[in-house]
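In: can't give you the sequence, but here's the structure:
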């Protein structure tokens, strides 16, 4: 009599077909009366929902529907059942009682891409326009590039072809940078298919010439080798970021138990394969990756794959101090190898990523052993190695060490366990790395760490610290160590000089870093107003800048200094506002940042013939736009969309790959996770955003000199879900309800 419930419990659905043969009404009623309790208990235990029942064969769907209709359900027996069970049993009056209890597991109730897919969400949020279609079209990378040129008289066919390809190459810089924004747009919105490979959109580098619709490729001009490698990596990351995290799906989802290695089908596309693997790690889907699989990936020897594994594992185990992950990372850091051990042939980029990965794993731990190691690596001198002199791209290595050091001591600047002990040594040495001095005045053997490398045969720095190498990393480390501490003594180190003579002694871009660090330390003093931004500038800069942008009052040699100082301090202060009010949609902050962005756009036409100032202003505009997108993240604000759309269609020699990349990232942040997510302002989130949004942008897709491109995706660690969709109790359709935050 209870065979139907038994077969339901054993998932033997076909056997329930026998229930159709119950033609005797008396026997049918007896079965229903005696097995009803077990029937709907099993339905609840299996965590079925109406969507799953609808996918069953038609006769099974009909049987279950008829059983639930005829059951005489006792209300007391289903008091603590799931909402999905209430829907199957047509007891919607019980759903409201447990609505808030299950609100934190919304993805378990309806998987991403089903009930709350992007169409329905956008229809509810933006019912009067199609901004969702516009942003998808802007970030579309698979369509051929459309160009339109006019042939001048007397130009040969060959020269005209080269001119068209040069224009195509300029527009390709924009297309190659689209993937970073698309990853933020579709962040964790889909549950993957277990029977088909996850699709990766292609990057179209060909074009069509209007009006004759002629196809064109980059065949007649020289293109740097590997120029498409990192864009392909970003494309793979963007595809993987669409996949939801395993922690966000229900226990019954096959994706939760599916092996990662079998779910990736791109072994022939090495750069996209590596990017896809890194994207899985960012979403936390590499936590269960076994050591054998990790060894297989590391043994392949591909630089991009090793980078993806290290960063992916570190992102999945951030803040855990996981021992096995630490062992994997330590192999790629020379300072963590035994003394006098054999040098390994490890590329410079892998070493840079290993430092960041180490900082992520020990995030907030204040581990003195790891901290001392990273502190010494900031001032690591150029040395000879098995791969030649290790004196190339030292800026990125020192910056990575500084960011990792700040992540390890995240927010510990004023904690009792840090003050008075190692804090004095760490802060003092970082200060010297920032302002310079003699190397002999610095404690090189701090925490018993010392360099044992052979001296470089190409670079001789002398007895003074090279602040061009060490200063960015030291500033970043101090800003994270003393994050939100409002420590005036440390903040005073970042105050910009107040005379023209002193300003000329500081590299302009360091003024941006100092302004950003000052705001991160003096967190409570940051205000989202134009008056506060101008108050961060020295009087001599503010006065001279205001006059230089209108008339030629000041001397020519001072004009360039004040322009550079003004733009960089402005960008740093705006970025501080972006960090503090990230994800808040603060109206005052958004209006302030939009005002500065429009001012920068208005100044650009005045700097024709002055490429240095124009490049600086372009970087300033990019930083302000990114800050604006951070504040408006996940809102889809129309005014911000108009601004970024205008920047999207601008091309030229002064607009480089890095500008396009960050503008598209800002566009993705504006619609983060299809407007399901926003950026957080916790200490951990700020450290991830500082690494991802660090204001030093690449000039080309090959540029990793000062900041590694793969780190731009770490904003994922700062994203959190903030979407509330109200539905009617009876039909489950979306509705508009006034909500008050208390």
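Out: Sure, I can see it. These figures come from a predicted structure and were not determined experimentally.

In: all strands for the stretch 101-250 of the chain, in order.
Out: Per DSSP state E, counting those that start in this stretch, the stretch 101-250 of the chain carries strands over the ranges 145-148, 207-210, 214-216.

In: out of these, nearest to residue 741?
Out: Smallest distance to residue 741 across the strands of the stretch 101-250 of the chain (Cβ to Cβ): 44.9 Å, for strand 145-148. (Glycine included, C-beta is placed from N, CA and C.)

In: And that closest one, what does it pack against?
Out: Taking 3 or more Cβ pairs under 8 Å, 6 or more residues apart in numbering; DSSP states H and E as contact, the helices and strands that strand 145-148 lies on are helix 157-176, strand 207-210.

In: circling back to that earlier point, most neighbours per residue, which of the strands of the stretch 101-250 of the chain?
Out: The highest average neighbour count among these, using mean count of other Cβ atoms under 10 Å, belongs to strand 207-210 at a mean of 17.

In: about what we covered before: wait, which of the helices and strands packed on strand 145-148 is closest to residue 563?
Out: Comparison of those against residue 563 by Cβ to Cβ identifies helix 157-176 as nearest, at 25.7 Å.

In: before we move on, the earlier item: and the strands of the stretch 101-250 of the chain as a markdown table, adding mean pLDDT and distance to residue 581?
Out: What follows is these, written out as a markdown table (pLDDT from 0 to 100; distance: least, Cβ to Cβ, whole Å):
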| stretch | mean pLDDT | distance to residue 581 |
| --- | --- | --- |
| strand 145-148 | 86 | 36 |
| strand 207-210 | 86 | 40 |
| strand 214-216 | 86 | 45 |
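
In: residues of the longest helix along the chain that come out buried?
Out: When the chain is parsed with DSSP state H, its longest helix is helix 556-580. The neighbour-count check on helix 556-580 (16 or more other Cβ atoms under 10 Å) flags 558-580 as buried.

In: same question for whichever helix or strand comes after that helix, mean pLDDT?
Out: Note on helix 556-580: by DSSP states H and E, the next helix or strand toward the C-terminus is helix 587-603. The average pLDDT within helix 587-603 is 92.

In: Determine the set of other helices and strands touching helix 587-603.
Out: Here helix 587-603 touches helix 530-535, helix 556-580, helix 611-631, helix 638-648, going by 3+ Cβ pairs under 8 Å, 6+ apart.

In: how about a markdown table for the ones you listed, with distance to residue 158 added?
Out: A markdown table is the format used below for the helices and strands packed on helix 587-603 (distance: least, Cβ to Cβ, whole Å):
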| stretch | distance to residue 158 |
| --- | --- |
| helix 530-535 | 52 |
| helix 556-580 | 41 |
| helix 611-631 | 29 |
| helix 638-648 | 32 |
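
In: Now tabulate those helices in a markdown table and tack on mean pLDDT and distance to residue 148.
Out: Formatted as a markdown table, the helices and strands packed on helix 587-603 follow (pLDDT from 0 to 100; distance: least, Cβ to Cβ, whole Å):
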| stretch | mean pLDDT | distance to residue 148 |
| --- | --- | --- |
| helix 530-535 | 94 | 40 |
| helix 556-580 | 89 | 33 |
| helix 611-631 | 89 | 24 |
| helix 638-648 | 94 | 17 |
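
In: Spit out the contact partners of residue 307.
Out: By Cβ atoms under 8 Å, 6 or more residues apart in numbering, the contact set of residue 307 is 274, 278, 349, 350, 353, 710.

In: For PyMOL, write the selection for the buried entries among those.
Out: Selecting only the buried members of those in PyMOL, with burial defined as 16+ other Cβ under 10 Å, works like this:
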select buried, resi 274+278+349+350+353+710
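
In: So what's the residue count around residue 137?
Out: 10 (other Cβ atoms under 10 Å).

In: Just the pLDDT for it.
Out: 91.

In: Show me the shaky parts of the stretch 201-350 of the chain.
Out: Scanning the stretch 201-350 of the chain for pLDDT under 70 picks out 246-269.

In: Would you map the helices across it?
Out: 229-241, 254-257, 260-263, 270-282, 291-299, 303-316, 323-330, 348-361 (DSSP state H, counting those that start in this stretch).

In: coming back round to it: tabulate the contacts of residue 307 (TSV), appending distance to residue 471.
Out: Converted to TSV, those look like this (distance: Cβ to Cβ, whole Å):
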residue	distance to residue 471
274	32
278	29
349	22
350	24
353	22
710	23
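
In: which one is residue 326 nearest to, not counting chain neighbours?
Out: residue 361 (6.0 Å; Cβ to Cβ, 6 or more residues apart in numbering).

In: do the same with residue 630
Out: Nearest residue to residue 630, sequence neighbours excluded (Cβ to Cβ, 6+ apart): residue 578, at 3.8 Å.

In: again with residue 518
Out: Per Cβ to Cβ, 6+ apart, closest to residue 518 is residue 494, 4.0 Å.

In: In contact with residue 434, which residues?
Out: Contacts of residue 434 by Cβ under 8 Å, 6+ apart are 467, 470, 471, 474, 475, 478, 493.

In: and it, what helix or strand is that in?
Out: Going by DSSP H and E, residue 434 is in helix 422-435.

In: residues of that helix that come out buried?
Out: By 16+ other Cβ under 10 Å, the buried positions in helix 422-435 come out as 422, 423, 425, 426, 427, 429, 430, 432, 433, 434.

In: Make a markdown table from the strands of the stretch 101-250 of the chain and add distance to residue 243 to it.
Out: Shown next, in a markdown table, are the strands of the stretch 101-250 of the chain (distance: least, Cβ to Cβ, whole Å):
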| stretch | distance to residue 243 |
| --- | --- |
| strand 145-148 | 28 |
| strand 207-210 | 31 |
| strand 214-216 | 34 |
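
In: between those strands, which one is nearest to residue 592?
Out: Nearest to residue 592 among the strands of the stretch 101-250 of the chain is strand 145-148 (35.6 Å), distances taken as Cβ to Cβ.

In: Name every strand pairing with the closest one and say which way it goes.
Out: Strand 145-148 pairs in its sheet with strand 207-210 (parallel), by DSSP bridges.

In: so how many other residues sit close to the residue nearest to residue 123 when sequence neighbours are not counted?
Out: Excluding the flanking residues, the one nearest residue 123 by Cβ to Cβ, 6+ apart is residue 734, at 8.0 Å. Neighbourhood size, residue 734 [other Cβ under 10 Å]: 16.

In: show me what contacts residue 734?
Out: Residue 734 makes contact with 120, 123, 124, 725, 726, 727 under the criterion Cβ under 8 Å, 6+ apart.

In: Show me what the residue nearest to the third one when sequence neighbours are not counted bridges to in the sheet.
Out: To tie it back to what came earlier, the one meant is residue 124. Among residues not flanking residue 124 along the chain, residue 734 sits closest, at 5.0 Å (Cβ to Cβ, 6+ apart). In this entry, residue 734 is beta-bridged to residue 727, by DSSP bridges.

In: Report the separation between residue 734 and residue 638.
Out: Counting by Cβ to Cβ, to the nearest Å, the gap from residue 734 to residue 638 is 21 Å.

In: Give me the mean pLDDT for the helix or strand that contains residue 373.
Out: Taking DSSP H and E as the definition, residue 373 sits inside helix 368-378. What helix 368-378 shows for mean pLDDT is 91.

In: Which neighbouring residues are in contact with the residue lying closest to residue 596 once chain neighbours are set aside, exactly?
Out: Of all residues not flanking residue 596 in the chain, residue 624 sits nearest, at 5.1 Å (Cβ to Cβ, 6+ apart). By Cβ under 8 Å, 6+ apart, residue 624 lies in contact with 570, 571, 574, 593, 596, 597, 600.

In: and those as CSV, adding distance to residue 135?
Out: What follows is the contacts of residue 624, written out as CSV (distance: Cβ to Cβ, whole Å):
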residue, distance to residue 135
570, 27
571, 25
574, 23
593, 19
596, 23
597, 18
600, 23
